[in-house]
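Enquirer: Predicted model follows, preceded by the sequence.
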Amino acid sequence: MKEARVVIMGGGGVGKSALTVQFVRNVFVSTYDPTIEDTYRKMLSIDGQQCLVEILDTAGTEQFMALKELYIKSGQGFVLVFSLTHLASVNELGPLREQIVRIKDAKVPLVLVGNKSDLRSERQVPREIGTNLSKAWGNVPYYETSARKRVNVEEIFIDIVRQCRTYEQQA
Ligand code: GDP
Ligand code: MG
């Protein structure tokens, strides 16, 4: 696989842009326009193979459901993000995953991400909520990340690209 198209989704303010920019540019941006929707590219060498990773950083502002459907269709792998400091952000992901599974299929490459692990004292979501959700979704990988401290950032994108490869080989 030479290219992987990844879509990063989740509620507003959970850190989708911070994770994407930290991965692609190695910096933490603390003020990022929440309405900006953009595509980023980065070359990754995984298991000795080069891959161009294209990441669509969504903003959740799409006015038309059709637009959302369109980019779910165009994506090969999905990174679903909630914030460890905001319990309600977990609940946004269930309907999102259902929509993705409906448009793609149940084996669609996916990772579940709880972000902002550095904000220990503000944590609202215990690890078990993440691991239970991952089980409910058929054991999708679950990562706790910090875009700020660059913890597990590379890992989530490597994981999703690996899954995309496996998926493509099985197709
Ligand atoms: P998005 O709406 O999902 O794209 O969220 P952003 O990436 O714009 O992040 C929203 C806010 O959370 C910003 O103020 C970020 O600086 C902050 N943020 C994002 N990720 C982290 C993180 O890992 N740790 C901390 N402390 N703050 C974060
Ligand atoms: Mg954003």
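Expert: Okay, I see it. Ligands and ions are numbered 1, 2, ... in the order given.

Enquirer: Quick check: whatever residue of the chain ends up closest to ligand 1 vs R162, distance?
Expert: At 3.0 Å from ligand 1, G15 is the closest residue in the chain, using CB to the nearest ligand atom. Just so you know, the C-beta spots here come from the backbone N, C-alpha and C atoms, and that holds for glycine as well. Relative to R162, G15 is positioned 22 Å away (CB to CB, to the nearest Å).

Enquirer: same check, this time on C51
Expert: Separation of C51 from R162 (CB to CB): 10 Å.

Enquirer: swap in V7?
Expert: 16 Å.

Enquirer: ok, now G12?
Expert: To R162, G12 is 29 Å away according to CB to CB.

Enquirer: can you check S30 too?
Expert: Going from S30 to R162 by CB to CB gives 30 Å.

Enquirer: Of the two, give the one with the bigger neighbour count.
Expert: More crowded of S30 and R162, by other CB atoms under 10 Å: R162, with 18 against 8.

Enquirer: what's the more buried one in contact with, if anything?
Expert: I46, D47 (CB atoms under 8 Å, 6 or more residues apart in numbering).

Enquirer: mind running it again at 10 Å?
Expert: Shown in contact with R162 (CB atoms under 10 Å, 6 or more residues apart in numbering): M1, A4, I46, D47, C51, G77, P109, P141.
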